[in-house]
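> just a sequence and a predicted model for now, questions to come.
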Amino acid sequence: MKFFVDTADIAEIKDLAATGLLDGVTTNPSLVAASGKNFLKLIEEVCHVVKGPVSAEVAATDYATMLKEGQKLAKIAKNVAVKVPLTPDGLKVCKALSDNGTMVNVTLCFSAAQAILAAKAGAAFISPFVGRLDDVGQDGMVLIRDIVQIYKAYPAFKTEVLVASVRHPIHLVEAAKMGAHVATIPPKVIRQLYSHPLTDKGLAAFVADWQKTGQTILDAA
Ligand code: E4P
């Protein structure tokens, strides 16, 4: 399973890239606004730090402008994945860009029917938002199960399921059990993945017991 980080905070991206566990990055207009950075420069910088797909979202909502924006974003670096909304115009842009070899991430997916359309439009990634579905009383993970099942039934679909709006480690574990290809995860949740109180407790005991031996591995003959 691939891990993308869901942030436009360059310091966080650098820090997490250093773990060696990061396969890509997703941004969206809200995250870019929060960063306070120039969008194009930010994407260029992120593409240097992380070699995997870096999602950069168009700002317009009409076909012609979205297409021009997408073409401009795609020129920043080879690993840019242009992000478009799941609308009729967005999917037209997805088809046009994908046909020309640009990776496209179709965002704001909330139904399996929408995910089928994105696959037919040649999307590299479909982004179903699990947390936002949970927020309105629908089980977001049911959508992931449905999309994974449908895509598996049609090997001609090359679209990867990119689980988005991840709020906690259980979302990630459930998505992995279902065979989702990618999860985009906020930095805070990535750090939570490491944690278990028994790991901390066990390590403290081993450190204390090792000190009782009076030995050091590096100085040992
Ligand atoms: C995905 O590409 C989006 O940036 C993101 O996952 C949205 O998450 P949120 O619902 O926590 O804003």
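Done, it's in.
> surely residue 183 is within a strand?
Yes: counting by DSSP: H, G, I helix; E, B strand; the rest coil, residue 183 falls inside a strand.
> for it, give its distance to residue 95.
Using C-beta to C-beta, to the nearest Å, one obtains 26 Å as the distance from residue 183 to residue 95. Quick note: C-beta positions are derived from backbone N, CA and C, even for glycine.
> higher neighbour count, the two?
residue 183 (25 against 15; other C-beta atoms under 10 Å).
> sec struct for the closest residue in space to the more buried one that isn't next to it in sequence, please.
With C-beta to C-beta, 6 or more residues apart in numbering as the criterion, residue 183 has its nearest non-adjacent residue at 4.4 Å, and that residue is residue 163. Put simply, residue 163 is strand when judged by three-state DSSP.
> would you mind measuring from residue 163 to the ligand?
Distance of residue 163 to the ligand, computed by C-beta to the nearest ligand atom, to the nearest Å: 8 Å.
> likewise for residue 45?
From residue 45 to the ligand the distance is 18 Å (C-beta to the nearest ligand atom).
> and residue 11, by the same measure?
18 Å.
> that residue: neighbour count?
When neighbours are counted by other C-beta under 10 Å, residue 11 registers 10.
> doesn't it belong to a helix?
Yes: assessed by three-state DSSP, residue 11 belongs to a helix.
> need the contact list for residue 127.
Listed by C-beta atoms under 8 Å, 6 or more residues apart in numbering, the contact partners of residue 127 are 26, 83, 105-109, 162-164, 184.
> which SSE is it in?
strand 125-128 (DSSP states H and E).
> thank you kindly, that will do.
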